[in-house]
Each structure stands twice: as structure tokens, then as C-alpha cells.
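# no FASTA, just this:
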Ligand code: SF4
């Protein structure tokens, strides 16, 4: 008998019943739990919560404006102008804004990473990214500054709403779903919160009005 | 990890006299108790949400075998390999086999309390595999060769000075004292390790049956790194960690970070499903999930079953007056505080941790904050009853309880005994009204004075007041 059979055997003996039907019904219905009240203004709520997480917020009216907006942010803080982006943003006019951005996965030494997001969650000010060939997870993880370009129409109220969107638009779960809520941080030394642990020191959400 | 819970009393006394530890615990209390209080009210329907969370966990436990099978089926369909481990030794063997199969020399590890149960690091190192802890707290402990003292803030017992000294000695770099400088130094030392690791080892906060995924929350981003960069990812977690659906996990995530660290959400919530696809640039080629029993199934179907709802937030220890005074190490195993006082005796045997069920004032703070409504004081009381029934208590305690129960059943004898006792104690208290020593209770009076009774029992005083009152009424 395998360890699997022994463990499952012990469990079913202890529980003394077995109802496959009960689990199927719950999986099919996947009911929601108690939800927070829906905010009137999703964008305002998202911004408020994102700022509380120490994210920064920038605005752009169109994708074409994004390079200039990012360049200004980096220049003001004396941050490097080189980095990587997702392939979807390869054609933006980075160099005319004074930036050197390559469309490739991030390496350990890259300092700026530019990504999109699958959607954003107003309740907590969170970004949701899905990994994939064109949406590499490394770009939001390895660099010290992470820019995420988010269409305001893609802001949903809760994590539950993001599942509805995911079920509607994707056949199946990607290898990795990452919910990102501000710069990486640690409070391990004397319970003092310090931004920039192993991931980015800065998370900048670029809201694109659509 | 070796179980040292048998030395609880001795260790607790030492911890009470440790000045640095006392400061650290005061800090923990301010940050975590205050932090939780500040954000828990953000949940509009808190009680409903806690009830729903408890129901989600109960739903899983009621059909745990079915949920585990469904999880295994879904995970396997996506290319993950699911392993089953009955004991800590099984876990160590399985991880070592995976390492050999994939030619692993170096493993980067994010925090996993289950791996602490097994002593995984030592086992892998014995096989010649280098293991690097990457959670800042766990990394500090690995450098210092110490065990965690809290399930969420593992290095809470060390202060900044001690960490500065440790880094200067081990990293051979100029000594830094600022917290953010220390964090950057660790980041820069650890970054090449992530990039060079062949295998990432993590725990899993939840397993999602619907999708066959492992869910990991981290603030530092190390959980993302160890599950994104290395060729192989091994996730190790308890069999009770299954949750049915994505919606269910969303409910639990409203409570977990708020209860744990006072955050509305943890920085990174990662849901990992299967191996890297053919066109993907990142992610592991091999994803192994180890489902660990190690004593858990023995809680099912019995009175301790509610303990398996636990989502390891640590709120019960943060709010526990005993933990707040002695810290985590005194408990002698992986899990401290009220949850540990139940898990340790049930996992490793009541005879190996006889003091833990008694290391509680039963004040109820733990149950009041537990996000999944585990009746911790009730479970502790049941363990005490079991100790009594098994004759595990020392004879003076058993005799004292027998005597007390006889007196409680004989009111006249009770009245007489207490009448004599309070008078004797009143005299012994002298002009100070304090007792420095009590026969048979030196454990108590060694640390504090006992206020002497005032010479009359409550019943005597009550009777007198009652009589006077009636007298007054008659006259009026
Ligand atoms: S017993 Fe409750 S409060 Fe304690 S760690 Fe578990 S879930 Fe949190």
C-alpha cells in the first residue's frame, strides 16, 4: 500500500463517510462569501488604496504618452533610464523620450521593468498579472522599479470580480497569477516596515484613461 | 525539529528574565496587536466573514479525502507531480529524491513551517545539497543557527544590534546599523543565490482544489523568486490546507493578512498552477507538491478536529498574555502560543509536552481574534481533562483537585474550611497584608506576592449584608 492510500484511508476511516456529490455541487456553484460594499467610484477607490500600499500613481491619456510620463518620473528621482518591457509595449517611442527600453524578459541586473496588468482590484489597490510567453513574471519582480500600465476600464471591485473576468477571458489558469500590492517589503527586523526586500523598491501604476 | 517542550517551565523562567527578549515582545505586541486592530474593522461584515471562513475550512475537513483527491487530479492534469508524505522523514526523503533526479546542487527556500517540522535543511545538507533560506527572518536564523520563535515573524526575538553583529561577522562587510541598510545588504547577498539555485522550495498557504494550484503569500517577494527562477519548484504543505474554490480562497485572504500582520493584503499573493509552458520564459520546468500528514489525520473525527481549520496567521499568539511574556522558544517546538499548545501535544504526544495545555490563562483572547473561530480555550481545557483522566498530572495536583471537588459538593464543609483558611492567611499577612510565601504554591509566590485575604469569606460578608438589609426593610 502506498503512502497515499494509507493517508486517504486514515482520513476516510476517521470521517466515516464519503460524499463525492457534495464536492461537485460546491465546485459547480463556487459561491461567493460576504463581500465589501461596492464603491461608487472604482478608480478613486483603487487610487486611494494603492497609495496606502506605498504605490505611486501616474496618469496618461493614451499609450503614446506613456514614455514621456515614465521618463519624467525617472528623471525627477534620478533613477536610471534603461530597462525592459513586455512585448506589447515594444513599439512605443521610448528612445524619443530619452529611455532605452528593450522588449525582453528581465535579468537580475535590470533596474526598470514595464508591464501591463490583467486587471486591477479597487478593494485593496492591487494589480493582477498573469504569466505567459508575452507577459513574463520576471519584469515585475527583478527590477528595482516596476511600472504597470493599467487601463482604468480594467479596474474591478474585488478579487471575486477578477475571477469572473478570468473565467470569461481565459480557457484555464496561467502558470502563475501574481497579485501585486505595492513595493516588496519586510518587517522582520524589529517589526519595522522597510520597502524593497527582494522585489521592487517602487511600484508605479500608470492609469490609462480609455 | 527536536521537541524540547518537556522543558517548558525551565525555559519559560529563563525567558522571563531575558531583557532583550522582553523588549522585542513588547514591540511585537504593539505592531501586531495594534496593526490588526487598525485594519480588521475594514471588513464590513466581520463576524459574517469569520463565520464564512470557518465554514469553508469545515467544508473541506468534512470531506477531506474527496477534496484531496480532486486537488491531486487537477494538479496532475496541469503537469504537477503530487507526492504524499506520512511523516517528516518521508518529506526529507522525497525532497532528496527530487533533488537527485533533477541534478540539484543548490536550493533556495522561502518560509515553510512544515519543513521546520521535518528538519528538512539538515537532511538536505547531509545529502550535499546547499540550502539557502531567503525570507529575511529565516535567513538571519540560518546564519545564527537558531530556530524561529514566531510563525509569521520568525526572528522577533533578535534586535537590530544582534543582527548587525551577525551580518558583519558572516558577510565580512563593514558593520551596518540602519534597518534599511541591513535589508539591502541581505538583498544583495541573496540575489545571486536566487539566480544560481537549481531548486526552489516553498510552503503553500492554501491548495486550491478547483484548479490544482498552490497559493503562496509573501511580503518580500522571495516566494515569487523561488517559484519563478529555479528549474524545479517543490511546494511542501499540510494535507489540511486544501480550499475548494477561488472564491473561497478570496474570503480567507480578507482575514489572513489582517489577522497576521495588520495588512489589508499581503504584498504578493501568487497562485501557481502546473509547469512552465513551451513558450514561457520563466517558471519551473518541474513542479512537485508534497502533501504532508505528519500527525494531522489523527485529529480528524475527534474533538481536536476544529484545530485543523487553522490558517497559521499567528493572531492567537500575538494576543496571548503567556506568549507575550515568554516568546516562542520556550514552547519547545515549531508552533508556539495557543495554537502550538494544541498542535504540539497532539502531533508529538501529550507526554512530550505536558505543560503546554496548561500554559494558558484561558482568558479567551485567542478565540476572540482567531479568523476561523477555533475555540482554542475549549480545546486546551479538553487536553487538560485528558491529562487528568490519564493520570498524567503530578499527585499533589490530583489530590488538591480531588479535595476541592469534594468541598465544592459539600457546602457546609466548604464554608468551614474557607472560614478557617482566610483567617489564618489574614494573620499570616501581618500589617503588610501580603504573603511572600505560600506552602505548596512556591511556583506562584517566587515571582510575586500574594495579597492576604481580609479575614472574612465572601459568604460571611454576603450573609451579613443580606441580614442587615432585611432588618432595615422591616424597620421602614
Ligand atoms: S489558531 Fe486561529 S488565530 Fe491561531 S494561528 Fe491558527 S488561525 Fe490564526
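Cool, got the structure. Note that the coordinates shown come from a computational prediction; the quantities given were computed from them, not determined experimentally.
# tell me which element residue B:55 is part of?
Assigned by DSSP states H and E, residue B:55 belongs to helix B:46-62.
# run the chain-centre distance for the following helix or strand past that helix.
Downstream of helix B:46-62, the first helix or strand assigned by DSSP H and E is helix B:64-77. Centroid displacement of helix B:64-77 relative to its chain, using CA atoms, centre = their mean, to the nearest Å, is 27 Å.
# also stretch B:392-407?
31 Å.
# in three-state terms, label residue A:31 for me.
Assigned with DSSP: H, G, I helix; E, B strand; the rest coil, residue A:31 falls in the coil class.
# residues in contact with the closest residue to it other than its chain neighbours?
Closest residue to residue A:31 apart from its sequence neighbours, by CB to CB, 6 or more residues apart in numbering or on different chains: residue B:247 at 6.4 Å. Bear in mind the C-beta positions are built from the backbone N, C-alpha and C, glycine included. The neighbourhood of residue B:247, defined by CB atoms under 8 Å, 6 or more residues apart in numbering or on different chains, consists of A:30-33, A:160, A:163.
# so in terms of bridging, what pairs with residue A:148?
Beta-bridge pairing of residue A:148 under DSSP bridges involves residue A:115, residue A:205.
# ok, it to the ligand distance?
Distance, residue A:148 to the ligand, by CB to the nearest ligand atom, to the nearest Å: 32 Å.
# starting at the chain centroid, how far to the longest helix anywhere in chain A?
Secondary structure assigned by DSSP state H gives helix A:3-15 as the longest helix of chain A. Relative to its chain's centre, helix A:3-15 lies at 38 Å (CA atoms, centre = their mean).
# same deal with stretch A:86-96?
The answer for stretch A:86-96 is 20 Å, by CA atoms, centre = their mean.
# strands of the stretch 1-150 of chain B, start to end?
B:81-85, B:106-109, B:130-133 (DSSP state E, counting those that start in this stretch).
# residue B:403: which of those is closest?
Each of these has some distance to residue B:403 by CB to CB; the shortest is strand B:81-85, at 47.8 Å.
# sheet-wise, list the partners of that closest one with their directions.
Strand B:81-85 pairs in its sheet with strand B:286-292 (parallel), by DSSP bridges.
# now the strand it pairs with: mean pLDDT?
Summarised as a single mean, pLDDT over strand B:286-292 is 98.
# tell me what angle that strand forms with helix B:64-77.
170 degrees (axes from the mean of the first three to the mean of the last three CA atoms, to 10 degrees).
# strand B:286-292 to helix A:3-15, inter-axis angle?
Angle between the axes of strand B:286-292 and helix A:3-15 is 40 degrees (criterion: the same axes, to 10 degrees).
# quick one: the helix or strand following strand B:286-292 near chain A?
Downstream of strand B:286-292, the first helix or strand assigned by DSSP H and E is helix B:315-318. No - using CB under 8 Å from any CB of the partner chain, we find that helix B:315-318 stays clear of chain A, coming within 10.7 Å at best.
# and what of stretch B:251-260?
Yes - shown here: stretch B:251-260 in contact with chain A (CB under 8 Å from any CB) through B:251, B:253.
# pLDDT on that stretch, on average?
Mean predicted confidence for stretch B:251-260 is 97.
# neighbouring contacts of stretch B:362-375?
Taking CB under 8 Å, 6+ apart as the rule, stretch B:362-375 contacts B:36, B:50-51, B:53-54, B:57, B:252, B:255-256, B:258-259, B:306-307, B:309-311, B:313, B:315-321, B:337-339, B:376-378, B:380-381.
# quick one: buried ones out of those?
Buried by 16 or more other CB atoms under 10 Å in any protein chain shown: B:36, B:50, B:53-54, B:57, B:252, B:255-256, B:258-259, B:306-307, B:309-311, B:313, B:315-320, B:337-339, B:376-377, B:380, out of those.
# among those residues, which are in reach of the ligand?
Checking the buried ones among the contacts of stretch B:362-375 against the ligand by CB under 6 Å from any ligand atom, the ones in range are B:259, B:310-311, B:313, B:315-316, B:339.
# quick one: which of these is nearest residue A:118?
Of all these, residue B:311 has the smallest distance to residue A:118: 25.9 Å, by CB to CB.
# what sits against that closest one?
B:53, B:57, B:205-206, B:252, B:255-256, B:371-372 are the contacts of residue B:311 under CB under 8 Å, 6+ apart.
# let's see that with 10 Å instead.
Counting by CB atoms under 10 Å, 6 or more residues apart in numbering or on different chains, residue B:311 touches B:53, B:56-57, B:205-206, B:240-241, B:243, B:252-253, B:255-256, B:259-260, B:370-372, B:374.
# which residues of chain A score low on pLDDT?
For chain A, the stretches with pLDDT under 70 are A:18-19, A:210.
# quick check: closest non-adjacent residue to the closest residue to chain B within chain A.
Across chain A, no residue is closer to chain B than residue A:199, which sits at 2.8 Å (CB to the nearest CB). Of all residues not flanking residue A:199 in the chain, residue B:221 sits nearest, at 2.8 Å (CB to CB, 6+ apart).
# who's in contact with that neighbour?
Residues counted as contacts of residue B:221 (CB under 10 Å, 6+ apart) are A:140-142, A:178, A:180, A:183-186, A:196-200, B:110, B:134, B:187, B:194, B:228, B:267-268, B:270.
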